[in-house]
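Chemist: need a structure here:
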Amino acid sequence: MNLSKKDEDSGDLGIFYHLDKTTVLQEARVFNETPIVPRKCRLLLTKIIYLLYIGEPMATTEATELFFSVTKLFQSKDIALRQMVYLVIKELSSIAEDVIMVTSSLMKDMQPKSDVIYRANAIRALCKITDASMLPSVERFLKAAVVDKTPSISSAAIVSSYHLFPAGKDVIKRWANEVHEAINSKPASLVGSASSYLTSFSTSSSSYNTPPSSSNINQYHALGLLYLIRQHDRMAVTKLIQQLAGSSRGGFGSSSGILRNTFAYCLLIRFAAKILDEDPNSRQPMYDLLEGWLRHKSDIVNFEAAKAICNIKDVTSKELYPAINVLQLFLSSPRFTLRFAAIRTLNKLAMTHPTAVQPCNLDMENLITDQNRSVATFAITTLLKTGNEASVDRLMKQITGFMSEISDEFKVIVVDAIRSLCLKFPTKQAVMLGFLSGVLRDEGGYEFKRAVVEAIFDLVKFIPESKEAALAHLCEFIEDCEFTKLSVRVLHLLGVEGPKTATPTKYIRYIYNRVILENSIVRAAAVSALAKFGVSVEDPEVKKSIKVLLTRCLDDNDDEVRDRATLYLRLLDEDENAEKYLKDDSTYSLAALERQLVQYVSSSESAEKPFDLSAIPKITKSQAEAENLRPRSFDLATQTIGVSSPAVSGIIPATISTASRDATPTPGIDQQQLYTQQLEKIPEIAAFGTLFKSSVKPVELTESETEYVVSCVKHVFNEHIVFQFNINNTLNDQLLENVSVVMQPESDDIGLEEEFVIPASKLAYDQPGSVYVAFKRTNLDECPLGSFSNTLKFVVKDCDPTSGEPDEEGYEDEYLVEDVELVTGDYVLPTYISDFQGAWDKLGEDGQVVETFALTASKSLKAACTTLIELLGMSAVENTGTPQSSSVHTLLLSGIFFGGVEVLAKSRMTFSPSTGVTMELSVRSSSQEISRTVISAVV
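Modeler: Predicted coordinates for the structure are as follows:
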């Protein structure tokens, strides 16, 4: 750790605390004395290291002078002094200039005839000052050191090569055979073995011998470097894993195997897990190896193998069984590190496979009283995920006495686990709500209190029976809440949920108390909450009382509070506006609104007509918050727009510079906004005008294991359809140039005419690129539907997998991928409405189409809802996307059809195990023709 300044309050000042840099630099003259006094020089070098450690700034000139003064100490034969010299040289090499001058001294110490204790340290110091241009000159020495019989020397060379790899890949890749030999090396003999970390303060110049190293750590280092060299060759890595694992197949962990270092086994396990994750064909062989390593004699290897099995995607209970048995044994280990590692792994596994972890419940209950609070916290939270309904009461009693002994960080973990348990066992909500209200009154920081409030919010939302009790606890909480943010959130919830309860008036007193006693931010939130009671409660007396309270707020000393009170008093007298501004929970998609406004302002033609707000999709406030927090990990984020070039007929020239796509887009920008930004960089596509809709997710046209991985995104414009083909070349011995896609519609009268193709100029190994194919709609009154066959055409140039250099000449080739379909859902933009029934009645039955369908392939109502949402391209509203019943459900959908036409759909479903899902689908819009088009998507 590099400290930026001296810590005067640490209490651990040390003997060098009062050191001054200037004094130390003056003392450096001792290095020039003759004879050299090793003890005095060692002390001074220690002071220099200390100054560098605490972050003392050192000018380049000072560092350079000091560096060359230190190099004079090479004349001394004192072993301990020489080791300090190596250490100081490494630290100063990044600050001083002309450090290359010491190369000859270091290379002299690297010679096989030098003392063993010198060689390892000299290698490390030399590689610290070596750059890519110098690497070939020391290659011979490093290759010899890699296979040296002395473990410390071999490790020093391998670790140094590992750090040099980014700068000298081509050179170090040639050492694969030597590195492999280092892995296969036999244990060092007792004679001549040494360790660079064991020193002697003897001034004798005789050969220095130390006890042999039995750790075989050089195998761990060598395996890491060999993987670095071969990481892009999956077959070679698989062969390496099988070779090293096969050597000990007779008995995992036996001394007869090639690997004798436990860390090397852990590294091998991680490589095997990576191959298992990437290559489905290797799943069973790799799993068998991992399962075998569960019987290794080392605990760390057992744990690494168990952890790897638990992290397998789509792992089955049968595959988990042996790993969980090992972790269960670790739970009763006397070593707390093993207990902690095991319980943390089981805690993570319980999130996805709680049933598989249940056999460990008895052992985990014993850990609740563990002296290590971290272990006890993980034990409790894991039990909350795996326990049954009968054990909830007992667990809650144990947790109550436990909470006062742990920090806020662990309290948050416990509260999150209890929140999950509440939703899992709704009948136990009273017990858990009592616990949450109790800890809410305890002392704690903001994050802890926020976690408790969030848990109570979820109870209100998902467990209606707990609503009134939960709101009562929240009312008590805001009476003495020190966090403004939490008070505002609770007041908002009271305004939304309070009017829906049987006795809404009892909450008004708590809310108005905030107007009297709190700061201006909380007072403003309380005014808004009171207004919602006035609008939502039907009792006229309540409305009258709310007006009286709001009138009192007109004299508030804060302008925000006064303005809100004035607005709400006006709205209370206007039912239509009150419905619009107080009850409507929807908002416009800000990203879409921004995009449309920018295009409206930028276009000279749009100034002649007013801005059309109806084309902007609406979303709920919760959806807007989720969109802002959603990680931006789209496939398109790592792809590259190809550079077009004039080539074949039908492919037009374009002037598009290669633009790297941002892997971490700005939060708040939705997926379509990201596509819009990319397409605007292409002049030909930017001329198409406003983008109506892009595919929600790319359509995969190949398997992920094929040589060329291709996916397609469909972009719908006013008069054009653009197909964006994202292509990734997974062959490291090929370079693709002039990559284009030939699309052939299934019928000639599809209503589309190809306008141009923008190819990708070249696709190197693992460097994604895009090809764009644009079609123009021949009939603007129709929405083309149909299927396209797709063929990739390109020029292949063979290249060296190591250097990536391609041949000068190539050959033309083509590659057939799956078909792409234009479906009805591509012309529907999902949107949200707060009052579905009101909008449904407003559209009327004139534009309604009703059909009945039998979805025999759907195995549940949830699957049927997901399928229908994807087919229609619409958004589920009023929380109908997830069925609450397993037999009957009504799904409500909302969207905007191409051209800005509002479309609503209502699907009544029933499910029977024998017949599947039977569905009556009703679609309404202002045009019966559009409704018929939408409903035809299901046929």
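
Chemist: Give me the nearest residue to Ala857, chain neighbours excluded.
Modeler: Spatial nearest neighbour of Ala857, excluding adjacent residues (Cβ to Cβ, 6 or more residues apart in numbering): Gly916 at 7.0 Å. Just so you know, the C-beta spots here come from the backbone N, C-alpha and C atoms, and that holds for glycine as well.

Chemist: residues contacting that neighbour?
Modeler: Gly916 makes contact with Ala854, Leu855, Thr856, Ala857, Ser858, Lys859, according to Cβ atoms under 8 Å, 6 or more residues apart in numbering.

Chemist: same thing but 10 Å
Modeler: Contacts for Gly916 (Cβ atoms under 10 Å, 6 or more residues apart in numbering) come out as Ala854, Leu855, Thr856, Ala857, Ser858, Lys859, Ser860, Ala863, Ala864, Thr910.

Chemist: Go through those and give me the one with the most neighbours.
Modeler: Ala864 (24 neighbours; other Cβ atoms under 10 Å).

Chemist: quick one: contacts for that residue?
Modeler: So Ala864 contacts 853, 855, 857-858, 883, 889, 891, 907, 909, 911, 916-919 (Cβ under 10 Å, 6+ apart).

Chemist: Sort out which of those are buried, if you could.
Modeler: Among the contacts of Ala864, those classed as buried by 16 or more other Cβ atoms under 10 Å are 853, 855, 858, 883, 889, 891, 907, 909, 911, 916-919.

Chemist: out of these, which one sits closest to Met403?
Modeler: Of all the buried ones among the contacts of Ala864, Met403 sits closest to Pro883, with 36.6 Å by Cβ to Cβ.

Chemist: hang on, the earlier thing: among the contacts of Gly916, which one sits closest to Thr831?
Modeler: Ala864 (21.8 Å).

Chemist: Strands of the stretch 751-900 of the chain, residue ranges please.
Modeler: Shown for the stretch 751-900 of the chain, the strands assigned by DSSP state E, counting those that start in this stretch span residues 752-758, 760-763, 769-777, 786-798, 811-822, 828-830, 848-855, 875-876, 888-897.

Chemist: Pull out the buried residues from the fifth one.
Modeler: By neighbour count on 16+ other Cβ under 10 Å, the buried set for strand 811-822 is Tyr815, Val817, Asp819, Val820, Leu822.

Chemist: Tell me which other helices or strands that strand touches.
Modeler: Where contact means 3 or more Cβ pairs under 10 Å, 6 or more residues apart in numbering; DSSP states H and E, strand 811-822 is packed against strand 699-700, strand 708-717, strand 720-729, strand 734-745, strand 786-798.

Chemist: which helices and strands sit right next to the last one?
Modeler: This means strand 786-798. strand 708-717, strand 720-729, strand 734-745, strand 752-758, strand 760-763, strand 769-777, strand 811-822.

Chemist: Just send these back as JSON lines, with mean pLDDT too.
Modeler: JSON lines is the format used below for the helices and strands packed on strand 786-798 (pLDDT from 0 to 100):
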{"stretch": "strand 708-717", "mean pLDDT": "91"}
{"stretch": "strand 720-729", "mean pLDDT": "92"}
{"stretch": "strand 734-745", "mean pLDDT": "90"}
{"stretch": "strand 752-758", "mean pLDDT": "91"}
{"stretch": "strand 760-763", "mean pLDDT": "89"}
{"stretch": "strand 769-777", "mean pLDDT": "92"}
{"stretch": "strand 811-822", "mean pLDDT": "90"}
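
Chemist: a markdown table for the ones you listed, including distance to Ser487?
Modeler: Formatted as a markdown table, those follow (distance: least, Cβ to Cβ, whole Å):
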| stretch | distance to Ser487 |
| --- | --- |
| strand 708-717 | 45 |
| strand 720-729 | 48 |
| strand 734-745 | 57 |
| strand 752-758 | 55 |
| strand 760-763 | 55 |
| strand 769-777 | 49 |
| strand 811-822 | 52 |
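
Chemist: From the contact counts, what lies against the helix or strand that contains Ala470?
Modeler: Here Ala470 sits within helix 467-479, counting by DSSP states H and E. Applying 3+ Cβ pairs under 10 Å, 6+ apart, we find helix 467-479 packed against helix 429-440, helix 446-462, helix 484-497, helix 505-517.

Chemist: relative to helix 429-440, how tilted is it?
Modeler: 0 degrees (axes from the mean of the first three to the mean of the last three Cα atoms, to 10 degrees).

Chemist: Buried residues, helix 467-479. List them.
Modeler: Those would be Lys467, Glu468, Ala469, Ala470, Leu471, Ala472, His473, Leu474, Cys475, Phe477, Ile478, for helix 467-479 by 16+ other Cβ under 10 Å.

Chemist: of these, closest to Ser528?
Modeler: The closest of these, once distances to Ser528 are taken by Cβ to Cβ, is Ile478, at 14.3 Å.

Chemist: Please list all residues in contact with that closest one.
Modeler: Per Cβ under 10 Å, 6+ apart, neighbours of Ile478: 453, 486-491, 494, 510-511, 513-514, 518, 522, 526.

Chemist: Give me the pLDDT for it.
Modeler: The per-residue pLDDT reported for Ile478 equals 90.

Chemist: Which among the strands of the stretch 751-900 of the chain is found nearest to Lys239?
Modeler: Checked against Cβ to Cβ, the stretch from the strands of the stretch 751-900 of the chain lying closest is strand 786-798, at 23.3 Å.

Chemist: if we can go back for a sec, winner for burial among the helices and strands packed on strand 811-822?
Modeler: Neighbour counts (mean count of other Cβ atoms under 10 Å) averaged over each of the helices and strands packed on strand 811-822 peak at strand 720-729, with a mean of 23.

Chemist: and it with strand 786-798, angle?
Modeler: Using the same axes, to 10 degrees, the direction of strand 720-729 lies 40 degrees away from that of strand 786-798.

Chemist: residues of stretch 309-326 that come out buried?
Modeler: Ile309, Cys310, Ile312, Val315, Glu319, Leu320, Pro322, Ala323, Ile324, Val326.

Chemist: Filter those down to the ones in helices?
Modeler: Among those, the members found in helices (DSSP state H) are Ile309, Cys310, Glu319, Leu320, Pro322, Ala323, Ile324, Val326.

Chemist: How about the first one, nearest residue that isn't a chain neighbour?
Modeler: When you say that, I think you mean Ile309. Ala323 (4.0 Å).

Chemist: wait, doesn't the one you found sit right on Arg295?
Modeler: No. Look at Ala323 against Arg295 with Cβ atoms under 10 Å: they stay out of range, at 11.8 Å.

Chemist: how close does Phe67 get to Leu45?
Modeler: As judged by Cβ to Cβ, to the nearest Å, Phe67 and Leu45 stand 12 Å apart.

Chemist: who touches both of those two?
Modeler: Val88.

Chemist: Tell me the span between the first and last residue of stretch 171-186.
Modeler: 26 Å (Cα to Cα, to the nearest Å).

Chemist: list the contacts for Asp314?
Modeler: Contacts of Asp314 (Cβ under 10 Å, 6+ apart): Arg283.

Chemist: what's it sitting at in phi/psi?
Modeler: Main-chain torsions, Asp314, degrees, to the nearest 10: phi 60, psi 40.

Chemist: looking at it, Ser787 is touching Val699, isn't it?
Modeler: No. Using Cβ under 10 Å, Ser787 is not in contact with Val699; the gap is 11.8 Å.

Chemist: Okay, now the unreliable bits of the stretch 451-600 of the chain?
Modeler: 583-586 (pLDDT under 70).

Chemist: surely Ile721 meets Tyr772?
Modeler: No. With contacts counted by Cβ under 10 Å, Ile721 stays clear of Tyr772, the gap being 11.2 Å.

Chemist: thinking again about what came up before, and the helix holding Ala470, how far out from the chain's middle?
Modeler: Relative to its parent chain, helix 467-479 has a centroid offset of 36 Å by Cα atoms, centre = their mean, to the nearest Å.
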